[in-house]
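Chemist: predicted coordinates and the sequence they were generated for:
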Amino acid sequence: MNIDELIQLQESNYKKLESRHKRLVENSYGIFCMAMSINDNDIELDIWWDKATRLYNEFVNSKFNKYDKSELDCINDFLSTKKTNNEL
């Protein structure tokens, strides 16, 4: 591997870390997206928010949390699998 390839690899890794950090900092938006996606209108708002927070935290540490597509698309993939497996 030459120096230019090493620099490209380092820049790519930095961008991935930067994206991950940005998502963690902006997790209120992610929790909101999760809450809107589960759309469970039959429960109290605080319970709904807690459920969305728990699911979002699970999502962040899952294989669905990819940095090459939008967070909302990743959340939708995560929830689709949860729904398929009756885990919601």
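Modeler: That came through, no problem.

Chemist: what about residue 36, neighbour count?
Modeler: 11 (other CB atoms under 10 Å). Where C-beta positions appear, they are placed from N, C-alpha and C, glycine not excepted.

Chemist: how far away is it from residue 9?
Modeler: Relative to residue 9, residue 36 is positioned 37 Å away (CB to CB, to the nearest Å).

Chemist: state the helix or strand in which residue 33 lies.
Modeler: Secondary structure assignment for residue 33, by DSSP states H and E: helix 27-38.

Chemist: what's in contact with that helix?
Modeler: For helix 27-38, the surrounding residues in contact (CB atoms under 8 Å, 6 or more residues apart in numbering) are 23, 48-49, 51-53, 55-56, 59-60, 71-72, 75-76, 79, 88.

Chemist: shaky segments in the chain?
Modeler: Within the chain, the segments meeting pLDDT under 70 span 6, 13-14, 16-26, 40-41.

Chemist: hang on, the earlier thing: list buried residues within the contacts of helix 27-38.
Modeler: Buried members of these, scored by 16 or more other CB atoms under 10 Å, are 23, 48, 51, 52, 53, 55, 56, 59, 60, 71, 75, 79.

Chemist: in helices only, show me those.
Modeler: Residues of the buried ones among the contacts of helix 27-38 located in helices (DSSP state H): 23, 48, 51, 52, 53, 55, 56, 59, 60, 71, 75, 79.

Chemist: quick one: which two of these are the most distant?
Modeler: Largest separation among those by CB to CB: 23 and 48, giving 21.5 Å.
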